[in-house]
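Visitor: my questions are about this predicted structure, shown below with the sequence.
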Amino acid sequence: MKKQIIIALKVLLVMTVLTGIVYPLLVTGIAQTCFHRQANGSLITKNGVIIGSELIGQKFDSTRYFWSRPSATDYNPLPSGGSNFGPTSKTLKKLVDSRRSVFADKNRIKDTDSIPAEMIFASASGLDPHISPQAAMIQVDRIAENRNFTARQKQELVKIIRDMSEKPQFSLLGEARINVLMLNLELDNIR
């Protein structure tokens with residue numbers, strides 16, 4: 001019995017060292033070497049100040065900026081997740097109707113069925129940093145009006161959306177998308 005306990009303790013010690021020290025150090029080393037930017041959060045700085053991450057959605061509610069997808073956690077990354085309201089939930093219906101109404105009103109959209117779904121439904125994580133190019137295009141008139149853009153500046157904004165749109169990964173995984181934070185940073189550069 002004593003011999004078995006000693007063997008078990010040795011195995012526990014070896015496994016603790018392997019899985020608790022060696023493996024995490026190896027994975028961290030590979031991540032820092034091969035994927036340094038991503039491993040450190042893909043942080044975006046402006047004038048030496050961190051303003052966000054390319055990987056985590058942020059709240060933009062000014063009429064002068066592109067709006068992000070709604071978040072059930074108000075963009076808080078710690079309790080990340082969806083609302084867990086089911087398709088028959090009255091609360092979900094009220095939330096969706098409210099978001100649809102606000103989005104349609106602020107963007108002067110008459111046909112509310114044309115609003116992209118990601119602008120009225122929160123993502124599963126609550127932190128999605130992307131919207132579809134269509135969702136960005138539908139916001140152009142509002143932004144151009146609130147920034148007093150000329151026709152040339154508005155055309156430049158449309159070109160930025162087209163240039164920044166990412167295709168589905170490997171041409172088949174996911175949807176076309178555009179990062180809202182990066183798009184808003186480019187928007188501030190239009191003169």
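Guide: That came through, no problem.

Visitor: now for the spatially most central residue of the chain: which residues touch it?
Guide: Per Cα atoms, centre = their mean, the C-alpha nearest to the average position across the chain is that of Pro129, at 1.4 Å. Neighbour list for Pro129: 53-58, 68, 179-181 [criterion: Cβ atoms under 8 Å, 6 or more residues apart in numbering]. Glycine gets a C-beta too; all of them are placed from N, C-alpha and C.

Visitor: for Arg64, same thing?
Guide: Going by Cβ under 8 Å, 6+ apart, Arg64 touches 143, 146-147.

Visitor: domain map for the chain?
Guide: Domains of the chain are assigned by automatic domain parsing as 1-40, 54-188.

Visitor: would you mind finding the most buried of the ones you listed?
Guide: With neighbours taken as mean count of other Cβ atoms under 10 Å, the domains of the chain reach their highest mean count in domain 54-188, at a mean of 16.

Visitor: can you measure across that domain, start residue to end residue?
Guide: Counting by Cα to Cα, to the nearest Å, you get 17 Å between the two ends of domain 54-188.

Visitor: if you average pLDDT over it, what comes out?
Guide: Average pLDDT, domain 54-188: 91.

Visitor: quick one, strands of this protein?
Guide: In the chain, the strands defined using DSSP state E lie at 43-46, 49-53, 130-131, 178-179.

Visitor: give me the distance between the two termini of stretch 135-145.
Guide: For stretch 135-145, the first-to-last residue distance is 17 Å (Cα to Cα).

Visitor: residues in contact with it?
Guide: With contact meaning Cβ under 8 Å, 6+ apart, stretch 135-145 is reached by 63-67, 106-109, 114-116, 118-119, 149, 153-154, 157-158, 161, 165, 178, 183, 187.

Visitor: do stretch 87-102 as well
Guide: Stretch 87-102 is contacted by residues 70, 83, 85-86, 112, 115, 119-121 when judged by Cβ under 8 Å, 6+ apart.

Visitor: and which of the residues you listed is nearest to Gly41?
Guide: Using Cβ to Cβ, Pro70 is the member of the contacts of stretch 87-102 that sits closest to Gly41, with 22.8 Å.

Visitor: quickly note the distance from the closest one to Thr112.
Guide: As judged by Cβ to Cβ, to the nearest Å, Pro70 and Thr112 stand 15 Å apart.

Visitor: do you know the pLDDT at the nearest residue to Gln32 once chain neighbours are set aside?
Guide: Counting by Cβ to Cβ, 6 or more residues apart in numbering, Gln32 lies nearest to Ala39, which is 5.6 Å off, once chain neighbours are set aside. The predicted structure scores Ala39 at 87 on the pLDDT scale.
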